[in-house]
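**Q** Here's my sequence, what's the structure:
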Amino acid sequence: MLFKNNKKKKEDGKQIQSLSYKEHNITRPLWETTFEEDSKEFIDYYYNNKVTDNSIWVAKEGDLILSMAQLNPYQIHLGLSIVLAHYIVGVATLEEYRRKGFMRSILAACFEQMYKNKEPFTYLMPAKEEYYTAFDFVTVYYQKSGILLETSDETELTFKNASEEDFKYLAWFSEEVLSEKYKVFVNREESYYQMIKAQYEAEHGGIICVYHSDLLVGYFFYGEYEAIEIMEPVCLDTYRDELVHVIAKKFKGCEKQIRVTAFDFLNEDAFKNITTKPTVMTRIVSLDMFVKYLKASEPVKLILQIEDQFIEQNNGIFELYIDDNSTEFERTSAEPEIKLSISEFTALCFYEILPKGIEEKANEYVINKLNKVSKFHSIFLNEFV
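**A** Next up is the predicted model:
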């Protein structure tokens, strides 16, 4: 696994390093102090399951953990490929040590090692977008949520709590449904649903499978807090209205509000207080690996200059050739047609529409080329640890 016990440097007597697996639990007090909204059951789940294969970078002074960032590995669909990407979570610093540059040093060390690991990109759920834009992250995914209105619970569909024997079918179903709609989402295998089940059970919930006769037609996750939180209802399009009735039936008689998040079909007929919030930010890490996954509607050749303030190897002038089957990417001494920061290039590749800031930098000829690059704009990343 990634970069265990890799001591980087000292800053004012503070050690910046990644921890060994046996040291991971010493970060729990900082998690508990920072994320007070997390229940003991959830934190137990996290430290019994997620830290067994993740990487944790810290700033230490003696035995005291001052600051940390945790990197959780996921296999991610990126277009037609599946790649390893680390999801940055648990970003935390003791209050008295904030604004001293420790997190900047930690994230820089994370970028360096992910680059060495040849990872195309990384991502996170920001508490504050503006903090991470300084590290060249761009927001690429927005979640919609709404409160379920009183609605009929009459439905021909049936449902049950998912068990181990259902995970194989859930994995097949979700891969089939999500791959038709999205270009970026976590690869779903049986082990994924084992993890999700344990996670939501720690929040007094679970996974619900929805059936028409014996046919699996949808699912959703839920946890019980001050409200019932329904996450990621996924179904065949023909059952989208019926799924709302299934949710109503499942929680019939419950006096708590039912909040539904990351459902494609939120509408004012069935939901109120519908909101959209920025949820996922991403950043290209290994530029030369990332471009291998790009495709174009027709062959494109572009000379571009990239600037990256954190990953030195990404800086330079490059000749990029893309078609529907292959990509070529090499350094050149030619005059660049356009100059982009790594965050702008990330936005170019993930946004459906060419960002205005990039349009203003390019002439019509270059804009025409950029618009031929296929975008990773349909994204479905809802995991929160």
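**Q** Provide the secondary structure category for Glu165.
**A** Secondary structure, DSSP: H, G, I helix; E, B strand; the rest coil: Glu165 is helix.
**Q** what's the burial count for it?
**A** Using other C-beta atoms under 10 Å, Glu165 has 7 other residues around it. Every C-beta, even on glycine, is put in place using the N, C-alpha and C of the backbone.
**Q** got it, and Leu236?
**A** Neighbours of Leu236 (other C-beta under 10 Å): 17.
**Q** again, but for Glu36
**A** 7.
**Q** Check the secondary structure at it for me.
**A** Quick answer, by three-state DSSP: Glu36 is coil.
**Q** pLDDT score for it?
**A** pLDDT recorded at Glu36 is 95.
**Q** where's it relative to Val246, distance?
**A** 34 Å (C-beta to C-beta, to the nearest Å).
**Q** same deal with Val91?
**A** 36 Å.
**Q** quick one, what contacts His204?
**A** For His204, the contact set (C-beta atoms under 8 Å, 6 or more residues apart in numbering) comprises 41, 223-224.
**Q** er, Gln199 actually
**A** 42, 45, 49, 385.
**Q** element containing the second one, please.
**A** Translated: Tyr45. helix 40-49 (DSSP states H and E).
**Q** List the buried residues for whichever helix or strand comes after that helix?
**A** Following helix 40-49 in sequence order, the next helix or strand is strand 55-61 (DSSP H and E). Within strand 55-61, the residues scored as buried using 16 or more other C-beta atoms under 10 Å are 55-60.
**Q** Run through the neighbouring helices and strands of strand 55-61.
**A** strand 14-18, strand 64-78, strand 81-93, helix 102-116 (3 or more C-beta pairs under 8 Å, 6 or more residues apart in numbering; DSSP states H and E).
**Q** Ala171: which of those is closest?
**A** strand 64-78 (12.1 Å; C-beta to C-beta).
**Q** Val91 and Val246: which is more packed in?
**A** Each of Val91 and Val246 has its neighbours counted (other C-beta under 10 Å); Val246 has more, 24 against 19.
**Q** would you list every one of the strands in the stretch 101-250 of the chain?
**A** 121-124, 138-148, 158-161, 184-186, 206-212, 215-224, 228-235 (DSSP state E, counting those that start in this stretch).
**Q** In CSV: these, plus mean pLDDT and distance to Met68.
**A** Listed next are the strands of the stretch 101-250 of the chain as CSV, based on pLDDT from 0 to 100; distance: least, C-beta to C-beta, whole Å:
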stretch, mean pLDDT, distance to Met68
strand 121-124, 98, 14
strand 138-148, 97, 23
strand 158-161, 98, 35
strand 184-186, 98, 23
strand 206-212, 98, 30
strand 215-224, 98, 25
strand 228-235, 97, 26
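**Q** now those strands as TSV including mean neighbour count?
**A** Converted to TSV, the strands of the stretch 101-250 of the chain look like this (neighbours: other C-beta atoms under 10 Å):
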stretch	mean neighbour count
strand 121-124	22
strand 138-148	19
strand 158-161	14
strand 184-186	22
strand 206-212	20
strand 215-224	20
strand 228-235	22
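**Q** do you know which of these lies nearest Val177?
**A** strand 228-235 (5.8 Å).
**Q** My guess is Ile311 contacts Glu112. True?
**A** Yes. At 7.1 Å, Ile311 and Glu112 qualify as touching, with contact defined as C-beta atoms under 8 Å.
**Q** Break this protein into its domains for me.
**A** 9-124, 145-278, 286-375 (the TED database).
**Q** Now the ones you listed in CSV, please, with extra columns for distance to Thr139.
**A** As requested, these are exported to CSV (distance: least, C-beta to C-beta, whole Å):
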stretch, distance to Thr139
domain 9-124, 10
domain 145-278, 5
domain 286-375, 9
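**Q** what's the first-to-last distance across stretch 305-318?
**A** 6 Å (C-alpha to C-alpha, to the nearest Å).
**Q** Can you point out the buried residues in it?
**A** Applying 16+ other C-beta under 10 Å to stretch 305-318 flags 305-306, 308, 310-311, 314, 316-318 as buried.
**Q** cool, and stretch 238-248?
**A** Going by 16+ other C-beta under 10 Å, stretch 238-248 has these buried residues: 239-240, 242-248.
**Q** residues making contact with it?
**A** Here stretch 238-248 makes contact (C-beta under 8 Å, 6+ apart) with 148, 151-157, 159, 208, 210, 212, 217-218, 220, 230, 233, 235, 258, 260, 264-265, 270.
**Q** if I look at the residue nearest to Glu203 when sequence neighbours are not counted, how far off is Tyr142?
**A** Spatial nearest neighbour of Glu203, excluding adjacent residues (C-beta to C-beta, 6 or more residues apart in numbering): Gly223 at 3.2 Å. Distance from Gly223 to Tyr142, counting by C-beta to C-beta: 21 Å.
**Q** if we can go back for a sec, list just the nearest of the buried residues of strand 55-61 to Val138.
**A** Trp57 (22.0 Å).
**Q** and the gap between the closest one and Asn161?
**A** Where Asn161 is concerned, Trp57 sits at a distance of 37 Å (C-beta to C-beta).
**Q** what do you get for Val138?
**A** 38 Å.
**Q** Perfect, I'm done here.
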